[in-house]
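K.L.:
need the 3D shape of this:
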Amino acid sequence: MSVRPEPQLVATATDVTTPGHVVSGLAQLHPETLVDETALAQVLQVSKRTIRRMVSRYELPPGVPFAGRSTWQVGRILAWFQRRADRLEREARRRAERTEAVQQLARSTDAKRRPDDQQERPIGRISGR
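P.N.:
Purely as a prediction, here's the structure:
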């Protein structure tokens with residue numbers, strides 16, 4: 001019987017050729033794997049307190065109490081990230097479309113302006129004085 005090697009939870013510097021923060025540990029685990037707060041903090045390279053803050057800011061789904069500690073299924077965390085990324089992409093697309101619509105409206109309004117509207121008119125004397 002062969003023993004399956006444990007997946008590495010945190011990418012090391014030798015795993016990556018580009019600088020920055022790379023989190024591949026979750027993707028290497030089976031979707032039904034349970035991780036506790038400590039393991040999740042290690043994978044995301046943050047503290048356990050940051051995990052709690054991320055949950056309170058809805059950046060992570062809430063953990064499920066199991067054996068006296070918060071636990072997460074890896075598949076649910078990955079699905080949460082994907083849904084959140086999709087939502088943010090849709091919002092960015094909507095903002096870009098609104099911005100483009102406003103810019104088009106401004107361009108069409110400028111094109112319709114008559115040249116005499118853009119000239120300064122002399123201020124006349126106020127009558128009745």
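K.L.:
ok, Ala101 to Thr38 distance?
P.N.:
Counting by Cβ to Cβ, to the nearest Å, the separation of Ala101 from Thr38 is 48 Å. All C-beta spots, glycine's among them, are computed from the backbone N, C-alpha and C.
K.L.:
give me the pLDDT for Lys112.
P.N.:
pLDDT recorded at Lys112 is 69.
K.L.:
typo on my end, it should be Phe81
P.N.:
According to the model, Phe81 carries a pLDDT of 89.
K.L.:
repeat for Thr17
P.N.:
pLDDT at Thr17 comes out at 45.
K.L.:
check which helices and strands the longest strand anywhere in the chain is in contact with.
P.N.:
Secondary structure assigned by DSSP state E gives strand 69-73 as the longest strand of the chain. If you count contacts as 3 or more Cβ pairs under 8 Å, 6 or more residues apart in numbering; DSSP states H and E, strand 69-73 packs onto strand 34-36, helix 37-44, strand 64-66.
K.L.:
ok, then the element right after that strand?
P.N.:
helix 74-112 (DSSP states H and E).
K.L.:
and that next one with helix 37-44, angle?
P.N.:
Angle of helix 74-112 versus helix 37-44, following axes from the mean of the first three to the mean of the last three Cα atoms, to 10 degrees, is 50 degrees.
K.L.:
buried residues in helix 74-112?
P.N.:
By neighbour count on 16 or more other Cβ atoms under 10 Å, the buried set for helix 74-112 is Val74, Ile77.
K.L.:
so the nearest residue to Ile77 once chain neighbours are set aside, which state does it fall into?
P.N.:
In this structure, Ile77 finds its nearest non-sequential neighbour in Leu26, 6.1 Å apart by Cβ to Cβ, 6 or more residues apart in numbering. Following DSSP: H, G, I helix; E, B strand; the rest coil, the label given to Leu26 is helix.
K.L.:
near Leu26, how many other residues are there?
P.N.:
21 (other Cβ atoms under 10 Å).
K.L.:
and it, what does it touch?
P.N.:
Val43, Val74, Ile77, Leu78 (Cβ atoms under 8 Å, 6 or more residues apart in numbering).
K.L.:
spit out the contact partners of Lys48.
P.N.:
Lys48 neighbours (Cβ under 8 Å, 6+ apart): Glu37, Thr38, Ala41.
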